[in-house]
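>>> this is a predicted model, with the sequence first.
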Amino acid sequence: MNKIISKEHFSANVVKLVIEAPLIAKARRAGHFVIVRVDKNGERIPLTIAGSDIEKGTITLVVQKIGVSSTKLCALNAGDYVEDVVGPLGKATHIEKFGTVVCACGGVGTAPMLPIVEALKKAGNKVISVLAARTKDLVILEEQMSQFSDEVIVMTDDGSYGTKGLVTNGVESVINREKVDLCVTIGPAIMMKFVSLLTKKYNVPTVASLNTLMVDGTGMCGACRVSVGDETKFVCVDGPEFDAHQINFDEMMMRLGAYREQEQAAMAAYTASVK
Amino acid sequence: MENLTDRSAAWRDELRKSMPAKDRMAIERVKMNELDGEYRSHNSEEVNQGLTKEQALLEAKRCLDCGKPGCMEGCPVSINIPAFIKNIERGEFLNAAKVLKMTSALPAVCGRVCPQEKQCESQCIHLKTGKKAVAIGYLERFAADYERESGQISLPELAPQNGIKVAVVGSGPAGLSFAGDMAKMGYDVTVFEALHEIGGVLKYGIPEFRLPNKIVDVEINNLEKMGVKFVKDCIVGKTISFDDIKAEGFKGMFVASGAGLPNFMNIKGENLIGIMSSNEYLTRVNLMGAAKDEFDTPVLKGKRVAVIGGGNTAMDSVRTAKRLGAELAMIVYRRGEDEMPARAEEVKHAKEEGVEFRTLHNPIEYIGDEKGRVKQMILQKMELGEPDASGRRKPVAIPGATETIDVDTVIVSVGVSPNPLIPRSVEGLEVSKKGTIVVNDSMQSAIPMIFAGGDIVRGGATVILAMGDGRKAAAAMNDYLKK
């Protein structure tokens, strides 16, 4: 059982939770994720760690309401307990001095990007962050991101904040004006796919952090498998980060929908039950 | 205690003389009481119902109490088989359970899932005279169940605590067996488990209808009573490091992290929706409760399910599919039925439940629909050629002979590889090409304080072999720590 220390609403469907997990707080590095089981009937859901405080023994997670378990998790408050938190899982982000790095993130993908941006900056890189969202209210963590970025470019679909356009427009504007040594992208699969297509065109090495379906998160089940180049890889133990130009995003998006019918039915039943 | 196992004890001598060997050999081997195949294929009730007292008493008489019992040589954990059976024969069922617990941490589990026909029972004297072996497994289960249901569960004798801390990585059969033996020897044992449940493959893998969770829980509870501590949600190598383990004062570590990395065949279409490993399928159902409405985790309840493979895990998967409502539940195996590694009992049970067997067939491609869901599989027909390295006849493709079958779910059960987490995170461990941890005859790794056993060393074997490794490692670590 892990206690929720604080909770903050980023938007109607996105919540930031600070959770007691001293061992994970100490062991985690940028790029790691945890598996959370909200209660005894909950699913094991993978969530990338957005930050930690070793002294307080806490980790920060940003959760979006998607299915029943994540909705239950978002409904918990400070003082409540989460049944299980296990981790840190996956391989940590490879950090070194690359030169200029563009960090392109969308939606809740900004949360797991935050520790990567911090680590890249501390390693001496010039960091340009591109934050994208549908609309102004969904832009999260801008202030924290600017702390470790040389520049923050905000893109909104509707132009309500920052520049009107997609994340790819922001990334392309940077590539067009200066040499970019690496691009890191985290966000919805479709977004990462288009970032990857763009950077491939310009030959900018790109890393994408994937959030696939998982059960155990320790290599045991293979639910998270993705095609990277000619090989099938497990996101949980081989990833979550891969060379974006090698990832078969179409297959990944297809696999993300494996249980959509069941998920929708379960969500409908859950919504009816809490009304 | 000694009186329970001493072959020359007066009671045992008397028992032997009470019935001539000829009469003992004339008794027919008992048949396990089972639920009806059709009935049980729709629920998760345990298939084998165990023996009645009367059946057990009679079956125990069949054992000749050999002077040099071959059965014991066939047991990886060296259970004193004649001693426990003779205690059953004299009606001392609780004492029979005590004898089992002297060497086995999980008798109720072994009595259910051990391949006795390949181990203890394969060495029974009866086989030499063309008769059927004594039903050692059934009797083991009887004694363990009797004790549990009596409410008078005994704990094994524990040596005085020696204050030496030892760590166990993984709470499956190897880890539990090791933990039990070390606790008996007085060690302060902590078991670290990555998942949210204790029991490893006994919980996530073996289904309820073959091994009910409550039985595993009782055995785990006994270990807790013996002082073994369990830490869930803790991955050694991730949550805590080997250095942390040393810093916490642990003097030895036993790695029993299992073969938790499923193999796939790397054929076309294998990543389509609806194709998954047996580990994923069984974990969803067994560990996550996915078949029940009140649990959030989903599972695909396929109507036409093919399970690829011929091992016990394949049988567990196909029988689970049947129970989740599959109209067609089919085993696809590239060799013949005689070459199947699954226990004969599992194959028999699967057939009784309506599972179809397509042996000498091997999938070569999967075809999906517009949504990326598997809809068909192409099977290559095979024939048996010369024996291969495993001693079994090698399956060879018959050129041009293929068949396309409609399926909506495919469960790939073609073996597992060692879980990479520990080998990747502990520097200095010697790891084989296959990813298994290399150990010497005493289960000791290249790092002297680390021992390893079970599937992380074997790469995919059975519960009882894992338990045997646990026992062996416990004895060896005790020697190492006493030096």
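Arrived safely.

>>> burial count for residue B:103?
By the measure other Cβ atoms under 10 Å in any protein chain shown, the count of residues near residue B:103 is 21. Every C-beta, even on glycine, is put in place using the N, C-alpha and C of the backbone.

>>> show the pLDDT at it.
On pLDDT, residue B:103 comes in at 86.

>>> where along chain A do the helices fall?
A:22-27, A:68-75, A:110-122, A:142-148, A:167-177, A:189-201, A:235-238, A:249-256, A:260-274 (DSSP state H).

>>> closest to residue A:55 out of those?
Shortest distance between residue A:55 and the helices of chain A, using Cβ to Cβ, is found for helix A:22-27: 8.7 Å.

>>> what does that closest one contact?
Residues outside helix A:22-27 that contact it (Cβ atoms under 8 Å, 6 or more residues apart in numbering or on different chains) are A:34, A:49, A:52-54, A:56-59, A:85, A:87-88, B:234, B:238-241.

>>> residue 135: what's it in contact with?
Here I'm looking at chain A. Residue A:135 neighbours (Cβ under 8 Å, 6+ apart): A:156, A:157, A:158, A:160, A:161.

>>> not what I meant, chain B
B:29, B:30, B:32, B:51, B:59, B:62, B:121.

>>> which residues does the most centrally placed residue in chain A contact?
Nearest residue to the geometric centre of chain A (Cα atoms, centre = their mean): residue A:109, 3.7 Å. By Cβ under 8 Å, 6+ apart, the contact set of residue A:109 is A:185, A:186, A:187, A:188, A:191, A:209.

>>> can we see that at 6 Å?
A:186, A:187 (Cβ atoms under 6 Å, 6 or more residues apart in numbering or on different chains).

>>> buried ones in stretch B:110-125, by neighbour count?
B:110-116, B:119-121, B:123-125 (16 or more other Cβ atoms under 10 Å in any protein chain shown).

>>> of the residues you listed, which is the nearest to chain A?
residue B:113 (19.2 Å; Cβ to the nearest Cβ).

>>> next one: phi and psi at that closest one?
Backbone torsions of residue B:113, given as degrees, to the nearest 10, read phi -110, psi -10.

>>> also residue B:337?
In terms of degrees, to the nearest 10, the main-chain angles of residue B:337 are phi -60, psi -40.

>>> how near is it to residue B:160?
Applying Cβ to Cβ, to the nearest Å, the value for residue B:337 to residue B:160 is 53 Å.

>>> neighbour-wise, which of the two wins?
Comparing residue B:337 with residue B:160 by other Cβ under 10 Å, the one with more neighbours is residue B:337, at 15 against 7.

>>> would you mind listing what in the stretch 101-250 of chain A touches chain B?
Neighbours of chain B within the stretch 101-250 of chain A, by Cβ under 6 Å from any Cβ of the partner chain: A:215, A:218, A:219, A:220, A:221, A:222, A:223, A:237.

>>> tell me the spatial nearest neighbour of residue A:171, not counting adjacent residues.
Nearest non-adjacent residue to residue A:171, counting by Cβ to Cβ, 6 or more residues apart in numbering or on different chains: residue A:104, 5.0 Å away.

>>> who's in contact with that neighbour?
Counting by Cβ under 6 Å, 6+ apart, residue A:104 has contacts A:130, A:167, A:171, A:185, A:195.

>>> just the pLDDT for it.
Looking at residue A:104, its pLDDT is 97.

>>> how about residue B:334?
95.

>>> element containing the residue lying closest to it once chain neighbours are set aside, please.
Using Cβ to Cβ, 6+ apart and skipping residues adjacent in sequence, the residue nearest residue B:334 is residue B:362, 4.0 Å away. Secondary structure from DSSP states H and E places residue B:362 in strand B:361-368.

>>> who are the packing partners of the helix or strand following that strand?
Next along the chain after strand B:361-368, taking DSSP H and E as the criterion, comes strand B:374-387. If you count contacts as 3 or more Cβ pairs under 6 Å, 6 or more residues apart in numbering or on different chains; DSSP states H and E, strand B:374-387 packs onto strand B:361-368, strand B:393-406.

>>> what about whatever helix or strand comes next after the last one, near chain A?
If I follow you right, that is strand B:393-406. Downstream of strand B:393-406, the next assigned helix or strand under DSSP H and E is strand B:409-412. No: for strand B:409-412 and chain A, the contact criterion (Cβ under 6 Å from any Cβ) is not met; the two come no nearer than 8.4 Å.

>>> so what's the residue count around the residue of the stretch 1-150 of chain B found nearest chain A?
As assessed by Cβ to the nearest Cβ, chain A sits closest to residue B:44 within the stretch 1-150 of chain B, at 17.2 Å. Counted with other Cβ under 10 Å, residues neighbouring residue B:44 total 18.

>>> correct me if wrong: it contacts residue B:211.
No: Residue B:44 lies out of contact with residue B:211 (Cβ atoms under 6 Å); the separation is 11.1 Å.

>>> let's test this: mean pLDDT of the strand holding residue B:362, rounded?
Rounded mean pLDDT across strand B:361-368 is 97.

>>> now stretch B:138-146
96.

>>> could you list the residues in contact with that stretch?
For stretch B:138-146, contacts defined as Cβ under 6 Å, 6+ apart pick out B:32, B:50-51, B:56, B:85, B:88, B:93, B:96-97, B:100, B:107-108, B:111-112.

>>> what about 8 Å?
B:30, B:32, B:48, B:50-51, B:53, B:56, B:59-60, B:79, B:84-85, B:87-88, B:93-94, B:96-97, B:100, B:107-108, B:110-112, B:114.

>>> residues near the residue nearest to residue A:86 when sequence neighbours are not counted, how many?
Leaving aside its chain neighbours, residue A:86 sits nearest to residue B:233 (4.1 Å; criterion: Cβ to Cβ, 6+ apart). Using other Cβ under 10 Å, residue B:233 has 24 other residues around it.

>>> for the helices and strands packed on strand B:374-387, which one ends up most surrounded?
strand B:361-368 (a mean of 19; mean count of other Cβ atoms under 10 Å in any protein chain shown).

>>> what is that one packed up against?
Packing partners of strand B:361-368 (3 or more Cβ pairs under 8 Å, 6 or more residues apart in numbering or on different chains; DSSP states H and E): strand B:328-333, strand B:374-387, strand B:393-406.

>>> quick one: closest of those to residue B:456.
Closest among the helices and strands packed on strand B:361-368, using Cβ to Cβ: strand B:328-333, at 26.4 Å.

>>> what's the angle between the closest one and strand B:374-387?
With axes from the mean of the first three to the mean of the last three Cα atoms, to 10 degrees as the basis, strand B:328-333 and strand B:374-387 are set at 30 degrees to each other.

>>> what pairs with strand B:328-333, parallel or antiparallel?
Within its sheet, and counting by DSSP bridges, strand B:328-333 is paired with strand B:304-308 (parallel), strand B:356-359 (parallel).

>>> output the shortest one as PDB, nothing but the C-alphas.
Coordinates of the C-alpha atoms in strand B:356-359 are reproduced here as PDB (Å, rounded to 0.1, in the frame of the first residue of the first chain):
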ATOM      1  CA  GLU B 356      -9.200 -30.900 -30.200                       C
ATOM      2  CA  PHE B 357      -5.600 -31.900 -31.100                       C
ATOM      3  CA  ARG B 358      -4.000 -31.000 -34.300                       C
ATOM      4  CA  THR B 359      -0.600 -32.700 -34.000                       C
END
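
>>> run a quick neighbour tally on whatever residue of the stretch 51-200 of chain B ends up closest to chain A.
As assessed by Cβ to the nearest Cβ, chain A sits closest to residue B:196 within the stretch 51-200 of chain B, at 4.5 Å. Neighbourhood size, residue B:196 [other Cβ under 10 Å]: 20.

>>> what of residue B:430?
Going by other Cβ under 10 Å, the residues that sit close to residue B:430 add up to 12.

>>> wait, what's in contact with residue B:410?
Applying Cβ under 8 Å, 6+ apart, the residues near residue B:410 are B:274, B:275, B:276, B:305, B:306, B:307, B:308, B:363, B:366, B:374, B:377.

>>> nice, that's everything, thank you.
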